[in-house]
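K.L.:
sequence and predicted model, in that order:
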Amino acid sequence: MTVIVVSGTGTEIGKTVTTAAVAAAALAGGRSVAVLKPAQTGVAPGEPGDAQEVRRLAGEGVTALELARFPEPLAPQTAARRAGMAPVRPADVADAAAKLATEHDLVLVEGAGGLLVRFDEEGGTLADAARLLDAPVLLVASAGLGTLNTVTLSAEALRTRGLRQLGVTIGSWPTAPDLASRCNLADLPKAADADLLGAVPEGAGTLEGSAFRAAAVGWLGPALGGTWDARAFTRREAPRPLTS
């Protein structure tokens, strides 16, 4: 795969850190990597955005590119409108990713929020960009209660649009997982109708870059260039069933 579109099932669930982990694993495997952030919102000029954070964690070998930056922490369409700035459109995203793909082995396109968050007034979304690129989508989900619904909805949206789902990862696996999180390990692949491809530990984004890079391959399954074993992890973390 040359291009992977990374979409969360919501906000603040570990999408950027997961993107960095995939980038780090690819670099460790000898691949050249670029990360594309189509629309960065809620970050002032001069401040590091998500693409720069991926580069900090995964390594300076990552090419980081933003297409647009809007000052308020809102959906890209709303943030662009309020700032009086031109929006990013799916065709812009596809063109930029395609160009990066001619120069890199792997391009990671990190969305803003969920799959169907609007980029422009015409209703263009990250899903539209993925369709133009014919690229698979990696879903990043939360671990706990409520995640099965958002994963199911996102997977249904992908199928409805004829898009390929690469799989689902947990963006922030809790240090002390509750019962719902532990049960969800078995249920997430069913909700996604796709494999569970990794679990990034809570707090991974606070690590120094060298420590992050050393650990990243252990958080991701082989499909993402790592060594993480979904079956072993689930067997270890899942709760014992109730007995009568």
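P.N.:
Done, it's in. Residues are numbered from 1 along each chain as shown.

K.L.:
switch to C-alpha atoms for all contacts and neighbour counts from now on
P.N.:
Fine.

K.L.:
so the nearest residue to residue 193 once chain neighbours are set aside, which state does it fall into?
P.N.:
Nearest residue to residue 193, sequence neighbours excluded (CA to CA, 6 or more residues apart in numbering): residue 155, at 7.3 Å. Using DSSP: H, G, I helix; E, B strand; the rest coil, the structure places residue 155 in helix.

K.L.:
and residue 155, what is it in contact with?
P.N.:
Taking CA atoms under 8 Å, 6 or more residues apart in numbering, we find residue 155 in contact with 165, 191-193.

K.L.:
what about those, which are in strands?
P.N.:
residue 165 (DSSP state E).

K.L.:
pLDDT score for residue 244?
P.N.:
Note for residue 244: predicted pLDDT of 51.

K.L.:
same check, this time on residue 45
P.N.:
Reading off the model, residue 45 has pLDDT 86.

K.L.:
start at 109 instead
P.N.:
OK, 109 is where the count begins now, so the last one is residue 153.

K.L.:
rewinding a little: now, the most widely separated pair of the contacts of residue 263?
P.N.:
273 and 299 (12.4 Å; CA to CA).

K.L.:
where in this structure is pLDDT low?
P.N.:
Applying pLDDT under 70 to the chain flags the ranges 109, 352.

K.L.:
show me the strands in it, by range?
P.N.:
Using DSSP E, strands in the chain cover 111-116, 141-149, 171-178, 214-218, 245-249, 273-281, 304-309.

K.L.:
a markdown table for those, including mean neighbour count and distance to residue 316?
P.N.:
Formatted as a markdown table, the strands of the chain follow (neighbours: other CA atoms under 10 Å; distance: least, CA to CA, whole Å):
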| stretch | mean neighbour count | distance to residue 316 |
| --- | --- | --- |
| strand 111-116 | 26 | 23 |
| strand 141-149 | 25 | 19 |
| strand 171-178 | 19 | 18 |
| strand 214-218 | 26 | 21 |
| strand 245-249 | 28 | 22 |
| strand 273-281 | 25 | 17 |
| strand 304-309 | 25 | 14 |
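
K.L.:
could those strands go into CSV alongside distance to residue 293?
P.N.:
Shown next, in CSV, are those (distance: least, CA to CA, whole Å):
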stretch, distance to residue 293
strand 111-116, 17
strand 141-149, 28
strand 171-178, 32
strand 214-218, 24
strand 245-249, 11
strand 273-281, 9
strand 304-309, 8
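
K.L.:
which of the ones you listed sits closest to residue 229?
P.N.:
strand 141-149 (14.4 Å).

K.L.:
what's next to that closest one, contact-wise?
P.N.:
131, 134-135, 157-159, 162, 169-184, 187, 196, 201, 204-205, 208, 212-220, 227.

K.L.:
ok, 7 Å please
P.N.:
With CA atoms under 7 Å, 6 or more residues apart in numbering as the test, strand 141-149 has contacts from 131, 135, 157, 159, 170-182, 184, 187, 196, 201, 205, 208, 212-220.
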